[in-house]
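Peer 1: Need a 3D model of the following:
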Amino acid sequence: MGNGVKWLYMVFFGEYEVSFTAPGRIILPKKLRELLKGNVLVLSKGFDSCLSGYDKEDWETRAKSLLGVSLLEKENLDKKRFLFASAVYLEIDDQGRFVIPRNLLLYANLEGKACIIGAGDHFEVWDVKKWQIYLKDVKS
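Peer 2: Okay, here's the model as predicted:
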């Protein structure tokens, strides 16, 4: 990252409105794309009807820690099912584009445009209207 400083942690930040360039195909903004190690990301259902995106290596580290969670606690089991059932590995092309699978598009109600936001340790893909409503709710 400039001035010879090497970040120990990737921090996704910012808010970007992007358009779909084909059915399900969207571009990951360069500022977020630069934080990924390689050209593969993991996308899964997120909470609040958005999608959550992770660096592949970071996702695999987190997944290992989730595997150690007790299956005897229903809440933990529910979270594992929710995350793992929807997780997909997606390849990003040279222009920064990737295709979101239909089940995830439907879950997040995505079409036409989306808002991609940095959320610290991951990024999220939101329907633009839902994101605006979420922001209003947070402010009140």
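
Peer 1: C-terminal to the helix or strand of the chain with the lowest mean pLDDT, what's the next element?
Peer 2: Sorting the helices and strands of the chain by mean pLDDT, DSSP states H and E puts helix 74-86 at the bottom, at a mean of 83. Counting by DSSP states H and E, the next helix or strand C-terminal to helix 74-86 is strand 88-91.

Peer 1: and the nearest residue to residue 125 once chain neighbours are set aside, how many residues sit next to it?
Peer 2: Using C-beta to C-beta, 6 or more residues apart in numbering and skipping the chain neighbours, the partner closest in space to residue 125 is residue 51 (4.2 Å). Glycine gets a C-beta too; all of them are placed from N, C-alpha and C. By other C-beta atoms under 10 Å, 23 other residues sit near residue 51.

Peer 1: can you check residue 63 too?
Peer 2: By other C-beta under 10 Å, neighbour count at residue 63 equals 15.

Peer 1: picking up where we left off before, show me what the least confident helix or strand of the chain is in contact with.
Peer 2: Contacts to helix 74-86, defined as C-beta atoms under 8 Å, 6 or more residues apart in numbering, come from residues 44-45, 63, 66, 69-71, 103-104, 107.
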